[in-house]
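Visitor: Here is my input, please return the structure:
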Amino acid sequence: MRRQSERGMICRALGEAIVNLRRRKGMAQDTLALESGIERAHMSGIERGKYNPGFATVYRLLPALGVSFTELVEEFERVLRRQKRKHNKVN
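Guide: Sure thing, here's the model as predicted:
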């Protein structure tokens, strides 16, 4: 896998993990953005995998999502494994 596509896959997986956790909590994207102090447009970009959030940004999301860093990473890994399986089937 090329470096660029790997980075994109990682950003998309993190965004999807955040969406999954947010939806499990029954929270709207606007609410998550407000509660974590992140601009709504930036939050949208993170969830779509367009932006790669820094550690500080991720840390601000955790209490708003009501999860630990470990729980976020576990969800991220589930999503990433699924994306890689899907990617390997296509190629």
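
Visitor: can you map out the helices along this structure?
Guide: Remark: helices assigned in the chain by DSSP state H are 3-24, 29-36, 40-47, 55-65, 69-90.

Visitor: Just give the number of residues close to the closest residue to residue 80 other than its chain neighbours.
Guide: Leaving aside its chain neighbours, residue 80 sits nearest to residue 13 (4.1 Å; criterion: Cβ to Cβ, 6 or more residues apart in numbering). Using the backbone N, CA and C atoms, a C-beta is placed for each residue, glycine as well. For residue 13, the count of nearby residues is 21 (other Cβ atoms under 10 Å).

Visitor: Might you report the residue contacts of residue 13?
Guide: Residues counted as contacts of residue 13 (Cβ atoms under 8 Å, 6 or more residues apart in numbering) are 49, 76, 79, 80, 83.

Visitor: pretty sure the third one is in contact with residue 18, am I right?
Guide: To tie it back to what came earlier, the one meant is residue 79. No. Judged on Cβ atoms under 8 Å, residue 79 makes no contact with residue 18 at a distance of 9.6 Å.

Visitor: what about those two, which has more around it?
Guide: Neighbours around residue 79 and residue 18, counted as other Cβ under 10 Å, are more numerous at residue 18. The numbers are 25 against 20.

Visitor: dump the residue contacts of the closest residue to the more buried one other than its chain neighbours.
Guide: With Cβ to Cβ, 6+ apart as the criterion, residue 18 has its nearest non-adjacent residue at 5.7 Å, and that residue is residue 47. Contact partners of residue 47, counting by Cβ under 8 Å, 6+ apart, are 15, 16, 18, 19, 22, 29.
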